[in-house]
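Trainee: What would the 3D arrangement of this be:
(2 chains)
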Amino acid sequence: DGGITQSPKYLFRKEGQNVTLSCEQNLNHDAMYWYRQDPGQGLRLIYYSQIVNDFQKGDIAEGYSVSREKKESFPLTVTSAQKNPTAFYLCASSHLAGGPYEQYFGPGTRLTVT
Amino acid sequence: DAKTTQPPSMDCAEGRAANLPCNHSTISGIEYVYWYRQIHSQGPQYIIHGLKNNETNEMASLIITEDRKSSTLILPHATLRDTAVYYCIVIMNRDDKIIFGKGTRLHILP
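Mentor: Model prediction:
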C-alpha cells in the first residue's frame, strides 16, 4: 500500500541527547515536510524539502536539522539545542507539479524528553 | 499567522449535518480553500478543497460564498467518528507552506 510512515510512534530521550525521527514515503511525492504540534495548538512548520539534496527552513527551524538524500526519506534530527523538544512531530508529503495538491500526513511521532 | 478564522469548538448531534464555518476575508483570486481534519493523536487528513465553485466528494461538501470571503464545510450525516479538529486553510497552487491555525474542535454528541 502507498503511504507515508513515521517511526517510532513514541520516543523517550534524556535531555541533552540528539534524536532522529524517521519519515519514509512511497507515494513518489516531490515535497516533504516536518511539522511540530504542541497540545491544543495547530501545526507549525519546521523544515520542508521540494527536491533531493535541498531543503528550506520553516517557521521554527532552530534546534532541528534535516537531510534529503533520497526522494523517499526525510529524517528529522532534534538536537540538544532545541529548548522544548517534547511535542508531537508530523511528517507530510505532496506532489509539486500540476494544479492544486494536498499534503498526506504520517501517523506522527510523540517525543518526550526528560 | 493563519489567513483564516474559525470558531474554536462546535457541537453536533449524531446523524445531523455538521456545518463548520470559516472566514477568509483576505483571500486572493488565486488562492484555494482547503479543509483537513485531525483525529486525536493522528496525522491530519485531507477532506476537500475548492476555488470558486461548491464542491462535493464522498466525505463532505464545501460551500464557498460568491465573494469568496467565507466558506462552510458540511458533513451531511455526522457520526461519532467525525469527532476531530477541523482546519480551514487558504493556499495558492504550489505554495510552499500550509499554515495551520487552531481549527475547530467538533464534538459529535450521541
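Trainee: For the residue in chain B positioned nearest to chain A, give me its contacts.
Mentor: Relative to chain A, the nearest point of chain B is B:G43 (3.1 Å; C-beta to the nearest C-beta). C-beta: built from backbone N, CA, C; applies to glycine. With contact set as C-beta atoms under 8 Å, 6 or more residues apart in numbering or on different chains, B:G43 has these partners: A:90, A:92, A:105-108.
Trainee: could you give the mean pLDDT of stretch B:35-52?
Mentor: What stretch B:35-52 shows for mean pLDDT is 93.
Trainee: What residues does chain A have near chain B?
Mentor: Taking C-beta under 8 Å from any C-beta of the partner chain as the measure of proximity, chain A contacts chain B at A:35, A:40-45, A:48, A:50, A:56, A:58-59, A:88, A:90, A:92, A:96, A:99-108, A:110.
Trainee: Can you flag the buried ones in these?
Mentor: A:35, A:42-45, A:48, A:50, A:58, A:88, A:90, A:92, A:101-106, A:108 (16 or more other C-beta atoms under 10 Å in any protein chain shown).
Trainee: show me where pLDDT drops low in chain A?
Mentor: Under the criterion pLDDT under 70, the flagged ranges of chain A are A:1-2, A:97-100.
Trainee: Would you map the strands across it?
Mentor: Residue ranges of the strands in chain A, as given by DSSP state E, are A:4-7, A:10-13, A:19-25, A:31-37, A:43-51, A:54-57, A:64-66, A:76-78, A:87-94, A:104-105, A:109-113.
Trainee: before we move on, back to that, any idea whether the residue of chain B closest to chain A is helix, strand or coil?
Mentor: The local conformation at B:G43, judged by DSSP: H, G, I helix; E, B strand; the rest coil, is coil.
Trainee: Equivalent analysis for B:G29, please.
Mentor: In three-state terms, and counting by three-state DSSP, B:G29 is coil.
Trainee: For B:L106, which residues count as its bridge partners?
Mentor: Residues in a beta bridge with B:L106, per DSSP bridges, are B:M10, B:A84.
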